[in-house]
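>>> got a predicted structure here, sequence first:
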Amino acid sequence: MTERKVRVRFAPSPTGPLHIGGVRTALYNYLFAKQNGGDFILRIEDTDQTRFVEGAENYIVESFKWLGLKFDEGVGIGGDYGPYKQSERKELYKKYAIELVEKGWAYYAFDTAEELDALRKQYESEKKNFQYDCNTRKGLRNSLSLNKQEVDELLAKDVAYVIRFKFPENEDIHLDDLIRGHVKMNSSLLDDKVLYKSDGMPTYHLANIVDDHLMCISHVIRGEEWLPSCPLHVMLYKAFGWEDTMPKFAHLPLLLKPDGNGKLSKRDGDRLGFPVFPLQWTDPKSKEVSSGYRESGYLPEAVINMLALLGWNSGTEQEIFSLDELVETFSIDRISKHGAKFDLEKAKWFNHQYLQKVEDEKLVIDFQKDLKSRDIEIVDESKLIAIVGLVKERCNFVKDFWDNSDYFFVAPETYAEKALKKRWKEGTSERISFIATEIAKIEDNNLWADNAEEFIMKYISDNELNMGQIMNSIRLAVVGDTKGVNMLDILKILGKEEIVSRLNTAAKKIGL
Ligand code: GLU
């Protein structure tokens with residue numbers, strides 16, 4: 001038998017913004033596909049019309065564009081196996097549901113929602129759980145309990161029905177999951193899931209299996225929440241007679257809250273102040289805005305790298321991986337069985353690493369927007385590039401640039417109190433103003449800052465002064481605090497005139 005071409009799909013339902021857990025699922029699918037020279041497909045599973053959310057599909061497409069994960073086929077791209085949106089394939093599913101009824105693997109069920117609700121309540125009152133299954137189905141209104149004539153009549157009268165899968169009694173269903181290993185489930189415990197609904201739409205289960213089959217999907221890599229549905233899926237392949245081409249399954253561990261147990265939710269993000277969605281999302285109904293990685297200043301490469309390592313490791317110390325390196329190194333074998341805790345500090349660390357790799361010229365474009373919003377007009381772009389180059393190693397995001405470089409744009413109006421107490425003693429103002437006067441005399445050429453520094457050093461040693469004390473008071477006068485990059489760099493960027501003026505202003509303002 002020839003090897004099957006690797007074809008994987010990411011199959012989100014457009015029920016809201018895409019959770020980063022979903023992004024990670026898509027990423028693992030992508031890595032696996034690319035590593036094996038396979039296809040990565042985007043299929044939109046929108047058969048549940050009650051959960052449809054305006055704008056969600058577009059959001060999904062935009063998210064992957066931003067992240068740089070390219071699909072080979074799918075919604076918005078096309079391909080030989082389309083359409084890739086299940087609502088556009090609607091007509092196709094009914095015949096598969098009927099085929100299963102005819103083969104004895106499924107049945108019509110005519111019970112109304114009210115009837116089933118009443119049953120559920122009755123069971124609850126007896127402290128039992130109602131399940132439509134091999135034990136209860138005989139007593140309910142379906143094509144297994146009614147005779148053929150009754151069923152034909154109901155169908156002829158167009159009485160609403162659903163088609164349910166008929167799980168055999170007491171059969172062990174086996175599944176070899178690529179991550180979980182061997183999983184066994186007894187069919188008597190499983191409920192006869194609806195495959196086809198009274199609104200003429202298939203349910204997720206039917207559409208998902210039919211489409212995976214028709215789209216020649218070789219591997220299904222998806223979240224762990226789908227593991228309980230997998231025995232049904234395995235049985236559906238058997239019922240259709242498609243076992244030979246049944247995809248291999250890999251169920252990914254959950255992304256967990258940073259603090260405590262349980263699945264990472266939007267609420268955790270709101271509570272702890274980090275995004276759980278790739279892009280900002282405005283709920284079309286409530287207008288509630290949820291933050292996104294993009295808008296929060298993350299670089300897509302950093303998000304990809306971080307997500308890749310939440311649940312997978314390379315087995316080495318390496319943490320920084322480009323997308324190409326991930327394609328090369330990724331392996332399903334090294335995906336953890338256990339949930340991975342989201343770590344905000346690590347997310348910032350990844351962004352920090354990637355921020356350092358971005359060219360200063362590029363970062364300046366975003367920084368300039370921030371400066372503009374603060375009414376700061378910068379004339380000299382080369383100065384800005386130099387500033388970015390100096391401060392970025394202290395920053396995780398472009399939005400941190402300002403706090404680390406504000407003194408380049410505005411002279412201090414006040415001086416940090418604690419630092420003043422410690423660094424500005426009796427006589428300091430006099431010394432600082434002397435230094436200002438001397439620096440003012442230095443010829444203003446390319447070397448003025450080096451010469452100024454040399455002068456300060458000589459002044460300190462000639463007068464047997466404390467070097468830290470003087471340097472820090474100069475910094476305090478120029479920056480307003482003890483923070484900031486290397487003093488010589490500050491001198492160079494601010495220029496002689498500005499430095500002299502700041503030194504004089506501080507000496508005058510602080511007195512002493
Ligand atoms: N539509 C399902 C979801 O929203 C897809 C699950 C699967 O990959 O089979 O996650």
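That came through, no problem. Numbering: from 1, shown residues only.
>>> tell me, how many residues neighbour the closest residue to residue 284 other than its chain neighbours?
Using Cβ to Cβ, 6 or more residues apart in numbering and skipping the chain neighbours, the partner closest in space to residue 284 is residue 54 (4.5 Å). (C-beta placed from N, C-alpha, C; glycine too.) Neighbourhood size, residue 54 [other Cβ atoms under 10 Å]: 11.
>>> need the three-state assignment for the spatially closest residue to residue 105 that is not a sequence neighbour.
Using Cβ to Cβ, 6+ apart and skipping residues adjacent in sequence, the residue nearest residue 105 is residue 239, 3.8 Å away. Secondary structure assignment for residue 239 (DSSP: H, G, I helix; E, B strand; the rest coil): helix.
>>> now that residue 239 has come up, it's in contact with residue 101, right?
No: counting by Cβ atoms under 8 Å, residue 239 stays clear of residue 101, with 10.6 Å between them.
>>> contacts for the lowest-mean-pLDDT helix or strand in the chain, please.
The weakest-scoring helix or strand in the chain, judged by mean pLDDT, DSSP states H and E, is helix 266-272 (a mean of 89). By Cβ atoms under 8 Å, 6 or more residues apart in numbering, the surrounding residues in contact with helix 266-272 are 19, 257-259, 275-277, 290-291, 342, 344.
>>> which parts of the protein sit against the ligand?
Contacts of the chain with the ligand, taken as Cβ under 6 Å from any ligand atom, map to 11-13, 45, 204, 208, 220, 222, 226.
>>> related to what we said a few turns ago, and the least confident helix or strand of the chain, what's buried?
266, 268-269 (16 or more other Cβ atoms under 10 Å).
>>> centre of the chain to that helix, how far?
Centroid displacement of helix 266-272 relative to its chain, using Cα atoms, centre = their mean, to the nearest Å, is 14 Å.
>>> isn't the residue nearest to residue 284 up against residue 281?
No: if you go by Cβ under 8 Å, residue 54 and residue 281 don't touch, sitting 11.7 Å apart.
>>> how about the secondary structure of residue 132?
Going by three-state DSSP: residue 132 is coil.
>>> in contact with it, which residues are there?
Contact partners of residue 132, counting by Cβ under 8 Å, 6+ apart, are 109, 116, 140, 164, 191-192.
>>> what do you get if the cut-off is 7 Å, keeping everything else the same?
Residues near residue 132 by Cβ atoms under 7 Å, 6 or more residues apart in numbering: 140, 164, 191-192.
>>> do residue 94 as well
So residue 94 contacts residue 196 (Cβ under 7 Å, 6+ apart).
>>> mind redoing it with 8 Å?
Counting by Cβ under 8 Å, 6+ apart, residue 94 touches 196, 200, 202.
>>> repeat for residue 383
Counting by Cβ under 8 Å, 6+ apart, residue 383 touches 408, 493.
>>> hmm, residue 11 is touching residue 208, no?
Yes: shown here, residue 11 and residue 208 form a contact pair, counting by Cβ under 8 Å, at 6.8 Å.
>>> relative to residue 14, how far out is whatever residue of the stretch 51-200 of the chain ends up closest to the ligand?
Ranking the residues of the stretch 51-200 of the chain by distance to the ligand (Cβ to the nearest ligand atom) places residue 86 first, at 8.9 Å. Residue 86 sits at a distance of 10 Å from residue 14 (criterion: Cβ to Cβ, to the nearest Å).
>>> overlap in contacts of the two?
Common neighbours of residue 86 and residue 14, using Cβ under 8 Å, 6+ apart, are 44, 46.
>>> and the helices in the stretch 351-500 of the chain?
With helices called from DSSP state H, counting those that start in this stretch, the stretch 351-500 of the chain shows them at 360-373, 381-391, 401-409, 417-423, 428-441, 448-462, 467-479, 487-494, 496-510.
>>> can you list those in CSV and add mean pLDDT and distance to residue 23?
Putting those into CSV (pLDDT from 0 to 100; distance: least, Cβ to Cβ, whole Å) gives the following:
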stretch, mean pLDDT, distance to residue 23
helix 360-373, 96, 23
helix 381-391, 96, 29
helix 401-409, 97, 27
helix 417-423, 92, 44
helix 428-441, 96, 54
helix 448-462, 97, 47
helix 467-479, 95, 41
helix 487-494, 97, 39
helix 496-510, 97, 46
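>>> turn the ones you listed into TSV, including distance to residue 173.
Listed next are these as TSV, based on distance: least, Cβ to Cβ, whole Å:
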stretch	distance to residue 173
helix 360-373	53
helix 381-391	59
helix 401-409	57
helix 417-423	69
helix 428-441	82
helix 448-462	76
helix 467-479	69
helix 487-494	68
helix 496-510	76
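>>> output the below-cut-off pLDDT ranges for the stretch 151-300 of the chain.
Under the criterion pLDDT under 70, no range of the stretch 151-300 of the chain is flagged.
>>> can you name the residue of it nearest the ligand?
Proximity of the stretch 151-300 of the chain to the ligand (Cβ to the nearest ligand atom) peaks at residue 222, 3.5 Å away.
>>> on the three-state scheme, that residue is what?
Criterion first, three-state DSSP; result for residue 222: strand.
>>> which ones are touching it?
Neighbour list for residue 222: 11, 25, 250-252 [criterion: Cβ under 8 Å, 6+ apart].
>>> just to revisit the earlier point, could you list which residues are in contact with the residue nearest to residue 105?
100, 103, 105-106, 165.
>>> tell me the two of those that are most distant?
By the measure Cβ to Cβ, the contacts of residue 239 have their two most distant members at 103 and 165, which lie 11.5 Å apart.
>>> residues contacting the residue of the stretch 351-500 of the chain found nearest the ligand?
Nearest to the ligand in the stretch 351-500 of the chain, going by Cβ to the nearest ligand atom, is residue 351, at a distance of 27.2 Å. By Cβ under 8 Å, 6+ apart, residue 351 lies in contact with 297-299, 302, 396-397.
>>> go again using 10 Å as the cut-off
For residue 351, the contacting residues are 293, 296-299, 301-303, 305-306, 395-398, 400, by Cβ atoms under 10 Å, 6 or more residues apart in numbering.
>>> nearest spatial neighbour of it, skipping sequence neighbours?
The spatially closest residue to residue 351, leaving aside those adjacent along the chain, is residue 302, at 4.3 Å (Cβ to Cβ, 6+ apart).
>>> burial measure for that neighbour, as a count.
Using other Cβ under 10 Å, the number of residues around residue 302 comes to 24.
>>> since we're on residue 170, how many residues are nearby?
10.
>>> give me the spatial nearest neighbour of it, chain neighbours excluded.
Distance criterion Cβ to Cβ, 6+ apart; nearest residue to residue 170, sequence neighbours excluded, is residue 188 at 4.9 Å.
>>> for the one you found, what are its contacts?
133-135, 167-172.
>>> again, 8 Å this time
133-135, 167, 169-171.
>>> just the pLDDT at the residue nearest to residue 351, thanks.
In this model, residue 302 is scored at 98, pLDDT.
>>> for residue 292, grab phi and psi.
phi -130, psi 160 (degrees, to the nearest 10).
>>> that one and residue 280 touch, don't they?
Yes: if you go by Cβ under 8 Å, residue 292 and residue 280 touch, sitting 3.8 Å apart.
>>> ok so residue 164 is a strand residue?
Yes: assigned with three-state DSSP, residue 164 falls within a strand.
>>> all strands for this structure, in order.
Assigned by DSSP state E, the strands in the chain fall at 7-10, 39-42, 73-74, 106-109, 162-165, 172-177, 181-186, 194-196, 219-223, 248-252, 255-256, 281-282, 289-290, 340-341.
>>> out of those strands, deepest packed?
Of the strands of the chain, the one with the most neighbours on average (mean count of other Cβ atoms under 10 Å) is strand 7-10, at a mean of 26.
>>> what distance separates it from the centre of its chain?
Strand 7-10 sits 19 Å away from the centroid of its parent chain (Cα atoms, centre = their mean).
>>> by contact count, what packs against it?
helix 20-35, strand 39-42, strand 219-223 (3 or more Cβ pairs under 8 Å, 6 or more residues apart in numbering; DSSP states H and E).
>>> now distance to residue 4 too, for the ones you listed, in CSV please.
Formatted as CSV, these follow (distance: least, Cβ to Cβ, whole Å):
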stretch, distance to residue 4
helix 20-35, 13
strand 39-42, 12
strand 219-223, 9
